[in-house]
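>>> missing the sequence, but the structure's below:
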Ligand SMILES: COc1cc(-c2[o+]c3cc(O)cc([O-])c3cc2O[C@@H]2O[C@H](CO)[C@H](O)[C@H](O)[C@H]2O)cc(OC)c1O
Ligand SMILES: O=c1ccn([C@@H]2O[C@H](COP(=O)(O)OP(=O)(O)O)[C@@H](O)[C@H]2O)c(=O)[nH]1
């Protein structure tokens, strides 16, 4: 009988960034790790209709890719109706799939399983892997800094009993990072009474029981947090699982269709003259905030390409099946102050729908990026050496903003009022845009220099002989060695 290639069994959360980031990373293992594997992706039915059609579209595209990837749809589960927050909802909804994941992995026999690769929100399913006698890997789609914080959270939970914004000394010590002001702690941990906090402490604890952690980062991008994990400072007295920083994993290459209108517009702009503003798959602004942005852009005098989205149709409740959590296309006539488009004609473009962000960041005319600081956006920016100004909106993005400015030095700061729904005033944004884009600004010069350095770091890391390439080889060997036929 021909030997069966060991399987990587993937359990991603349904969000595009999580699913595609995990799948792209595991495809690298399939194609470039040096050992033969197959991929089986366990598909959970997402809790919303919109996410369900998005996932189905990904599945159709990947199924046609010709790679050894199969899809296994898990039976539907009830959605938790009493979740207090998004993170709690996601973690609980995923956990309800545990018996189905167990059955699906057990049914892989006699094919050996090289690893059950778990979304960060699915980390408690390390127990399923252990019961079946197969290795488990947590996939971290966010930063090494967030990983270091999550591993350290159970320690912080024991040491600090008050809220983080009440700590003596006014900062939180996370090994591997400069002292973190509480205003930059990630959303799920800012309120310890919330079940989201309890879940994150629990997830961090369960990360420790994985066979390994696959991270979409590179050694030289985040040396501090990655060293803190490796040398045992994150969890004193207990060795953390080996971390494999195999990134940046970005699905590159342009959309392949004819040149997009945004890119055509950039073609007419001078090199490094345009500030690009875009806020991820979920970022949108209220009218009052839009006015502040228009004033800042007008007064700065700089050229700009601004992706402006309108409010989602969903009611914002965790797991509500209908409506959308994604922004809608903006009605520019309604949202923008009168005359703004005429006054900025030629030097500014406001784009009201999804934009080809990767192609835009690759364009020579783009000189700076005002971003919500989602990790995929950050990696795309650094890949092209574009300095940033982070405007965090949700999830772990406040911590990302802190790391970009205070640790990596690739961004200039922006004053964001977290207590007012992350409101930014026109004067603050104008100052930041000037600092990011003006030739004379020392702060901007440093960020530009650092971003250019990080462009080389990213490309060297994934090239043959680079640190991420080496991590991929180590991961491939570990997966191959650890492969085991699931126990019934
Ligand atoms: C990484 O830490 C957190 C991530 C999230 C989070 O949750 C999430 C859930 C969804 O159903 C869909 C999503 O798109 C989504 C996104 C998300 O955060 C972003 O994920 C990106 C990768 O997909 C990337 O890592 C960005 O940096 C993230 O901002 C939520 C969360 O708590 C609120 C986290 O701490
Ligand atoms: O108009 C847009 C908005 C976002 N993106 C892409 O969506 C992803 C956003 O991921 P990120 O981790 O930055 O943030 P999230 O959306 O998960 O908060 C990135 O690949 C962006 O390039 C895009 O192409 N066009």
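Now that the structure is in, tell me what you want to look at. Remember, it's a predicted structure, so these values are computed and weren't measured experimentally. Ligands and ions are numbered 1, 2, ... in the order given.
>>> Pass me the low-pLDDT residue ranges in the stretch 101-250 of the chain, would you?
Within the stretch 101-250 of the chain, no stretch has pLDDT under 70.
>>> and residue 18, what does it touch?
12, 119, 121, 141 (C-beta atoms under 8 Å, 6 or more residues apart in numbering). No exception for glycine: its C-beta is placed from N, CA and C like everyone else's.
>>> what about it, distance to residue 458?
Using C-beta to C-beta, to the nearest Å, we find residue 18 at a distance of 21 Å from residue 458.
>>> on that earlier part again, now tabulate the contacts of residue 18 in JSON lines and tack on neighbour count, distance to ligand 2 and secondary structure.
Supplementary listing: the contacts of residue 18 in JSON lines, determined by neighbours: other C-beta atoms under 10 Å; distance: C-beta to the nearest ligand atom, whole Å; DSSP: H, G, I helix; E, B strand; the rest coil:
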{"residue": "12", "neighbour count": "28", "distance to ligand 2": "13", "secondary structure": "coil"}
{"residue": "119", "neighbour count": "25", "distance to ligand 2": "13", "secondary structure": "strand"}
{"residue": "121", "neighbour count": "24", "distance to ligand 2": "13", "secondary structure": "helix"}
{"residue": "141", "neighbour count": "25", "distance to ligand 2": "7", "secondary structure": "coil"}
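>>> filter the residues you listed by proximity to ligand 1?
Counting by C-beta under 6 Å from any ligand atom, residue 141 from the contacts of residue 18 sit close to ligand 1.
>>> all helices of the stretch 151-300 of the chain, in order?
Taking DSSP state H, counting those that start in this stretch as the criterion, the stretch 151-300 of the chain carries its helices at 195-207, 223-230, 261-267, 287-300.
>>> does the residue of the stretch 101-250 of the chain found nearest ligand 1 count as helix, strand or coil?
Closest residue of the stretch 101-250 of the chain to ligand 1, C-beta to the nearest ligand atom: residue 142 (3.3 Å). Under DSSP: H, G, I helix; E, B strand; the rest coil, the three-state class of residue 142 is coil.
>>> burial measure for it, as a count.
When neighbours are counted by other C-beta atoms under 10 Å, residue 142 registers 26.
>>> Mind putting the helices of the stretch 151-300 of the chain into TSV with mean neighbour count and distance to ligand 1?
Shown next, in TSV, are the helices of the stretch 151-300 of the chain (neighbours: other C-beta atoms under 10 Å; distance: least, C-beta to the nearest ligand atom, whole Å):
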stretch	mean neighbour count	distance to ligand 1
helix 195-207	21	7
helix 223-230	21	14
helix 261-267	16	22
helix 287-300	19	19
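>>> now those helices as JSON lines including distance to residue 421?
Output for the helices of the stretch 151-300 of the chain, formatted as JSON lines (distance: least, C-beta to C-beta, whole Å):
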{"stretch": "helix 195-207", "distance to residue 421": "18"}
{"stretch": "helix 223-230", "distance to residue 421": "28"}
{"stretch": "helix 261-267", "distance to residue 421": "28"}
{"stretch": "helix 287-300", "distance to residue 421": "8"}
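>>> Which residues of the stretch 201-350 of the chain lie near ligand 1?
So far as C-beta under 6 Å from any ligand atom goes, the stretch 201-350 of the chain lies against ligand 1 at residue 281.
>>> which ones are touching residue 266?
Contacts of residue 266 (C-beta under 8 Å, 6+ apart): 274, 305, 360, 363, 365, 366.
>>> Beta-bridge partners for the first one, please?
Going back to what we said before, that points to residue 274. Going by DSSP bridges, residue 274 is paired in beta bridges with residue 303, residue 366.
>>> close enough to count as contact, it and residue 365?
Yes: using C-beta atoms under 8 Å, residue 274 makes contact with residue 365 at a distance of 4.9 Å.
>>> When the two are compared, which one has more neighbours?
More neighbours surround residue 274 than the other of residue 274 and residue 365, with 25 against 19 (other C-beta under 10 Å).
>>> Give me the pLDDT for the more buried one.
Note for residue 274: predicted pLDDT of 98.
>>> Tabulate the contacts of residue 266 in a markdown table, adding columns for distance to ligand 2.
Compiled in a markdown table, the contacts of residue 266 are given as follows (distance: C-beta to the nearest ligand atom, whole Å):
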| residue | distance to ligand 2 |
| --- | --- |
| 274 | 16 |
| 305 | 11 |
| 360 | 8 |
| 363 | 13 |
| 365 | 17 |
| 366 | 13 |
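>>> Spit out the contact partners of the residue of the stretch 101-250 of the chain closest to ligand 1.
With C-beta under 8 Å, 6+ apart, residue 142 has these contacts: 120, 216, 375, 395, 396, 400.
>>> what about 7 Å?
Shown in contact with residue 142 (C-beta atoms under 7 Å, 6 or more residues apart in numbering): 375, 396.
>>> how much space between it and ligand 2?
8 Å (C-beta to the nearest ligand atom, to the nearest Å).
>>> ditto for residue 151
From residue 151 over to ligand 2 the distance is 21 Å, taken as C-beta to the nearest ligand atom.
>>> Check the offset of stretch 389-405 from the chain's centre.
Using C-alpha atoms, centre = their mean, to the nearest Å, the distance from the centre of stretch 389-405 to the centre of the chain it belongs to is 11 Å.
>>> which other residues reach it?
142-143, 145-146, 149, 177, 180, 183-187, 279, 282-283, 368, 370-375, 378, 388, 410-414, 416, 418, 422, 424, 432, 436.
>>> wait, does it make contact with ligand 1?
Yes: counting by C-beta under 6 Å from any ligand atom, contacts between stretch 389-405 and ligand 1 involve 395, 396, 397.
>>> And those residues, which is closest to ligand 2?
residue 395 (6.4 Å).
>>> where does the stretch 201-350 of the chain come near ligand 2, residue by residue?
Neighbours of ligand 2 within the stretch 201-350 of the chain, by C-beta under 6 Å from any ligand atom: 278, 280, 281, 282, 307.
>>> now those in TSV, with neighbour count and pLDDT?
Listed next are these as TSV, based on neighbours: other C-beta atoms under 10 Å; pLDDT from 0 to 100:
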residue	neighbour count	pLDDT
278	23	98
280	22	96
281	17	92
282	18	92
307	22	98
